[in-house]
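# Provided below are the primary sequence and the corresponding predicted coordinates.
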Amino acid sequence: MKVAFVHDWFSKVGGSEKVAREIISLYPECDVFTLVNFLEGKEKVDILQGHDPKVSFIQKLPRAKDKHQYYLPIFPYAIEKFDLSEYDLILSSSHAVSKGVLTNANQIHVCYCHTPMRYAWDLYHQYLKLTGLNTGIKSLFVKHTLNRLRNWDQLSSQRVDYFVANSYYVGKRIKKNYGRDSHVIYPPVDIDKFNLQEEKKDYYMTMSRMVPYKRMDLVVEAFSKMPDKKLIVIGDGPDFKKIQNLTKGCDNITMLGYQPNETVKKYMEGAKAFVFAADEDFGITSIEAQACGTPVITYGKGGSLETVINNKTGRYFKEQTVEEIVDAVRGFEKEGIEFTPAQIREHATNFDRHRFRYLFKEYVDEVTQKHEVGSVQQA
């Protein structure tokens with residue numbers, strides 16, 4: 001079979017790019033398509049496995065490298081421009097528009113869905129509030145754009161033959177937003193790249209892209225109220241300066257911005273706990289922390305309920321508020337619950353990349369065979 005792999009965009013390496021790497025390596029003869037590709041050096045080699053993706057016209061638009069998301073209104077048009085008519089199997093990795101590629105009745109399209117487009121669906125109102133776009137002239141344009149995008153997202157979901165969800169939480173949203181069933185396969189985590197460290201140091205850590213729904217602002221503000229507790233913050237993004245401003249006068253908080261994998265590993269392995277405040281679809285970073293034997297203090301909703309075991313591999317807090325995070329951190333230290341690093345790492349092995357590779361390939365083979373048998377019967 002001739003295989004095409006479609007990913008939303010390759011700009012920086014996050015959880016969805018790690019999924020893309022595994023799928024590409026499972027189908028080394030595939031052709032790769034994406035809206036834009038700005039990966040360089042080791043990251044390009046690691047994620048793209050020697051492939052040179054076919055990109056959309058957005059790649060050449062002004063400031064596409066650092067502001068490609070400004071072109072969100074034309075993403076659907078750009079993804080539909082790809083001609084995939086010569087392929088038998090289309091695999092898409094989608095958290096935005098890649099599932100919307102045009103296919104025909106003789107092709108099989110399997111979509112690994114990281115999430116339905118969150119800013120168009122369940123995070124619509126939160127996104128507008130956090131970006132200050134819930135009122136004013138600009139908000140009218142943004143609301144109109146997101147409304148159109150939501151309609152296209154629902155319509156294009158019908159082009160997918162088989163959905164694979166990255167968690168049961170996302171599977172429920174696929175059902176609600178698209179009216180489609182899905183098969184759950186948890187994302188791959190490269191457990192072997194992280195070392196179990198039994199002895200922890202006297203600091204906490206958080207890491208994420210600095211975008212509104214990740215709620216990194218809450219974690220930083222919470223630690224600004226706990227000057228006796230050190231926090232290491234890793235990550236960059238549009239909200240970096242806004243979050244950095246919250247640390248003024250706080251000697252206990254260190255903002256490191258983007259860091260290479262080795263630096264991330266060092267801090268993860270030594271952290272007293274990893275703190276995460278997002279309503280996450282899955283949360284690969286939380287699993288990576290647990291692979292180091294590091295407990296996770298996390299918002300007890302969404303994917304975290306599937307990846308963190310309360311009072312065994314981490315601790316939940318109930319609301320996305322500064323006060324809840326402060327209480328959770330203080331309770332983590334004072335309540336005397338024993339967190340065993342070896343047991344925490346053992347839990348993380350349930351999400352190993354080798355398990356993902358086996359289950360994903362098995363599922364694609366199964367539906368491909370089903371599709372072929374159906375075609376023969378129909379004929």
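Arrived safely.

# what comes into contact with stretch 287-297?
Stretch 287-297 is contacted by residues 189, 191, 194-198, 200, 204-205, 265, 268-269, 271-276, 286, 304, 307-308, 313-315, 317, 325, 328-329, 332, 339, 341-342, 344-345, 347-349, 351 when judged by Cβ atoms under 8 Å, 6 or more residues apart in numbering. For every residue, glycine as well, the C-beta is placed using N, CA and C.

# what's the helix or strand that residue 19 is a member of packed up against?
Secondary structure from DSSP states H and E places residue 19 in helix 15-26. If you count contacts as 3 or more Cβ pairs under 8 Å, 6 or more residues apart in numbering; DSSP states H and E, helix 15-26 packs onto strand 3-7, helix 41-48, strand 89-94, helix 284-291, helix 353-378.

# now do 6 Å
Here helix 15-26 touches strand 89-94, helix 353-378, going by 3 or more Cβ pairs under 6 Å, 6 or more residues apart in numbering; DSSP states H and E.

# which of those has the lowest average pLDDT?
Among the helices and strands packed on helix 15-26, helix 353-378 has the lowest mean pLDDT, at a mean of 83.

# before we move on, the earlier item: beyond the helix holding residue 19, next helix or strand please.
Taking DSSP H and E, what comes next after helix 15-26 is strand 31-34.

# starting from that next one, tell me which strands it pairs with and how they run.
For strand 31-34, the paired strands and their directions (DSSP bridges) read strand 3-7 (parallel), strand 54-55 (parallel).

# any chance of CSV for the ones you listed, columns distance to residue 241, mean pLDDT and mean neighbour count?
Below are these laid out as CSV (distance: least, Cβ to Cβ, whole Å; pLDDT from 0 to 100; neighbours: other Cβ atoms under 10 Å):
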stretch, distance to residue 241, mean pLDDT, mean neighbour count
strand 3-7, 29, 98, 25
strand 54-55, 29, 98, 18
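
# got a markdown table for those strands, with distance to residue 87 too?
As requested, these are exported to a markdown table (distance: least, Cβ to Cβ, whole Å):
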| stretch | distance to residue 87 |
| --- | --- |
| strand 3-7 | 4 |
| strand 54-55 | 12 |
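
# of those, which approaches residue 73 most closely?
Taking Cβ to Cβ, strand 54-55 is the member of those nearest to residue 73, at 18.4 Å.

# who's in contact with the helix or strand following that closest one?
Moving toward the C-terminus from strand 54-55, the next helix or strand (DSSP H and E) is helix 64-67. Helix 64-67 is touched from outside by 36, 38, 58, with contacts defined as Cβ atoms under 6 Å, 6 or more residues apart in numbering.

# ok, the first one - contacts?
The contact partners of residue 36, taken as Cβ under 6 Å, 6+ apart, are 9, 55, 58, 59, 64, 68.

# now do it, the pLDDT please.
Looking at residue 36, the pLDDT reads 97.

# got it, and the last one?
Looking at residue 58, its pLDDT stands at 97.

# separation between it and residue 101?
15 Å (Cβ to Cβ, to the nearest Å).

# of the two, who's got more company?
Using other Cβ atoms under 10 Å as the criterion, residue 58 and residue 101 rank with residue 101 on top: 25 against 20.

# my read is that the more buried one contacts residue 8, right?
No - with contacts counted by Cβ atoms under 6 Å, residue 101 stays clear of residue 8, the gap being 11.0 Å.

# show me the domain layout of the chain.
3-188+353-378, 191-351 (automatic domain parsing).

# all strands of the protein, in order?
3-7, 31-34, 54-55, 89-94, 108-113, 162-165, 183-184, 204-207, 231-234, 253-257, 273-276, 296-299, 314-317 (DSSP state E).
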